[in-house]
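**Q** I would like the atomic coordinates for the input below:
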Amino acid sequence: MPVRPAAAPGTVSGAGRVTLSRTGGGAGPDWGAYALFFTTRPAGEGTEAVIGYCAPDDPLLDPAWGLHQEQPYGPAGIARRPLGDYAAAANAARGRSESPSAYDQRLALYLLRIAAATRLVHFPRIADLPWADCTLTTEQHVRLVLDPDHPTRGWAGCHQVRVGRLLILQPKNP
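**A** All right, here's what the predicted structure looks like:
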C-alpha cells in the first residue's frame, strides 16, 4: 500500500459555508464510501481548503442529507481508512524522481479537485450548508506550489490544503 504524507498534528475549528458529498471507491474494490466535507478559510496571504471526512453513516451527519444511502453508480460500503490513504491508493505511487513534497502536493490536489467539484456539480447526494460550525483533527497540511502561469490565483482558488477527520459539524443559521 502506498505511504500517505506525514501528519500535521492539531485541530482546526471554524464556521462558514460547508459542502458535503458522498465519494470514494476509486482506489480499488475494497474501498468504501466517505462523507467528504469541504470548506475554505483565509490563511495568511491566501485561502486554505479544509477537507474533512467521516463515514457516511456517522452520527454527525443528518440522515436527511442522504449521504448514508448507497447509489447504484457510486461506491458501496463504508470506508474506515484515513482519506490520505485513499488518495495514495487512487494515485500512482511516488516515483524515484518525484520529491516527497511534489508527491504530497499531487495527493492534496487530487483531494482538492474532488472537493471543489462538489460545489460546481450538483446532484442529489450533495448537501450545501450556508453556515456551519465545524472542527476537524488535522492529518495532512500541504502548502501548494504556486501555479507559474497564475501565481495569485492558486489551485481552485486555494493556496493550502488541510485534510483531517471531521469531529464536530453543527449547521447554524448565518
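
**Q** quick check: bridge partners of the residue positioned nearest the centre of the chain?
**A** Against the mean C-alpha coordinate of the chain, by C-alpha atoms, centre = their mean, the closest residue is Ile51 at 3.2 Å. Bridge pairing for Ile51 (DSSP bridges) gives the partners Phe38, Val163.

**Q** wait, what's in contact with His150?
**A** Neighbour list for His150: empty [criterion: C-beta atoms under 8 Å, 6 or more residues apart in numbering]. Bear in mind the C-beta positions are built from the backbone N, C-alpha and C, glycine included.

**Q** could you verify that it is part of a helix?
**A** No: under DSSP: H, G, I helix; E, B strand; the rest coil, His150 falls outside any helix and is assigned coil.

**Q** doesn't Leu36 make contact with the residue nearest to the centre of the chain?
**A** Yes: the criterion here is C-beta atoms under 8 Å, and Ile51 meets it with Leu36 at 6.8 Å.

**Q** contacts for the helix ranked longest in the chain?
**A** Counting residues, the longest helix found in the chain (DSSP state H) is helix 100-120. The contact list for helix 100-120 (C-beta under 8 Å, 6+ apart) reads 4-6, 19-21, 23, 36, 38, 49, 51, 83-84, 87-88, 90-91, 94, 98, 126, 128, 140, 142, 144-145, 155-156, 158, 161, 163.
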